[in-house]
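Participant: sequence unknown, structure follows:
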């Protein structure tokens, strides 16, 4: 009982650990045919690897990195920028696919709005847009379509997009 109380106290101090505990506490699942239960007794075979990164300057949350930028030093406001997993390969739908033109335009605009919402600095937003354009061109999207669609999203409109 004492050990359980100590674990619960540590979970309250460490939010990430608490989130993992909350997610896995009532969970039973299978990976590769091996059964895993909520007490994390792992049978021989595949194992689960949980990692955590500790930083005084930034933390990754969903598809954003929350970090202490220039605004933090001046106004105590945290900044955000877009986060991509290391395994992301940016395999967007090829332009020659049979999707309707509206779907292609909507996908481009949707991703541009995501970049707008997940970047609090104009520099990071412009850098993300430039990389996005390059990736679209690599998937044979016409430059005219890219430019026309991305012109509908500007950093000046960020407050309304949030």
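Facilitator: Right, received. Where do you want to start? Keep in mind it's a predicted model, so treat the numbers as computed, not measured.

Participant: pretty sure residue 53 is touching residue 65, no?
Facilitator: No: in this structure, residue 53 is not within contact of residue 65 by CB atoms under 8 Å, at 10.8 Å. Where C-beta positions appear, they are placed from N, C-alpha and C, glycine not excepted.

Participant: Now do the end-to-end distance for stretch 69-85.
Facilitator: End-to-end distance of stretch 69-85: 21 Å, with CA to CA, to the nearest Å as the criterion.

Participant: typo on my end, stretch 90-107
Facilitator: 13 Å.

Participant: Counting neighbours around each, name which of residue 53 and residue 65 comes out higher.
Facilitator: For residue 53 and residue 65, the more surrounded residue by other CB atoms under 10 Å is residue 65, and the numbers stand at 20 against 8.

Participant: which residues touch that one?
Facilitator: 58, 59, 80, 81, 82, 83 (CB atoms under 8 Å, 6 or more residues apart in numbering).

Participant: Could I have the buried ones of the residues you listed as ChimeraX selection syntax?
Facilitator: Buried members of the contacts of residue 65 can be picked out in ChimeraX with the line below, counting by 16 or more other CB atoms under 10 Å:
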select :58,80,81,82
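
Participant: now for the contacts of residue 65, which pair is the farthest apart?
Facilitator: 59 and 82 (14.3 Å; CB to CB).

Participant: Thanks a lot, see you next time.
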